[in-house]
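Trainee: Provide a 3D model corresponding to the input given below.
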Amino acid sequence: MHHTKARSIGIFIISFLIGGSILGYAYYQSRNFIQGPQITLTSPLNGETLRDPLVSIEGSASHIARIELNGNQIFINDKNHFEEKLLLLEGYNIITLHAVDKFKRSITHTVEVTLVEDSSTEETPLLII
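Mentor: Numbers count the residues shown, from 1 in each chain. Take a look at the predicted model:
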């Protein structure tokens, strides 16, 4: 009788470990679905005033199938990092990053920047008399 009780406990422990492993694996496989697509923009900052019309858009994206910058597809490297150059217009500019994951869920990140070109860098015409 003592042997049967020990066997029942052993079967319970093995069943518990197998069930826990299955649940852990299910969570691991569903984490992308649970978290959804994510975008982190490191440059430029929202509300920033820039002096150079050529700006580097930098950041990272995770859990994505596709990412776009102002409607044009861009790509991330093997470390989930992206860096794209964008030419701004004088004044107010809106930069939009849009990502979609493999489950068709999407996220949009918008940054507003202002370009104020420095007039001192422009060449002044030489006047010859």
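Trainee: For Val111, see how far away Val100 is.
Mentor: 19 Å (CB to CB, to the nearest Å). C-beta: built from backbone N, CA, C; applies to glycine.
Trainee: Show me what counts as buried in stretch 89-108.
Mentor: Under the neighbour-count criterion of 16 or more other CB atoms under 10 Å, stretch 89-108 has Asn93, Ile95, Leu97, His98, Ala99, Asp101, Arg105, Ile107 buried.
Trainee: And stretch 40-58, by the same measure?
Mentor: Using 16+ other CB under 10 Å as the burial criterion, the residues of stretch 40-58 that qualify are Leu41, Pro44, Leu50, Val55, Ile57.
Trainee: rewinding a little: same list (the buried residues of stretch 89-108) but as a markdown table, adding secondary structure, pLDDT and distance to Ser15.
Mentor: Below are these laid out as a markdown table (DSSP: H, G, I helix; E, B strand; the rest coil; pLDDT from 0 to 100; distance: CB to CB, whole Å):
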| residue | secondary structure | pLDDT | distance to Ser15 |
| --- | --- | --- | --- |
| Asn93 | strand | 96 | 60 |
| Ile95 | strand | 96 | 54 |
| Leu97 | strand | 96 | 47 |
| His98 | strand | 97 | 46 |
| Ala99 | strand | 96 | 41 |
| Asp101 | coil | 91 | 35 |
| Arg105 | coil | 92 | 35 |
| Ile107 | strand | 94 | 40 |
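Trainee: any weak-confidence spans in this protein?
Mentor: When residues are selected by pLDDT under 70, those of the chain lie in 1-3, 29-34, 119-129.
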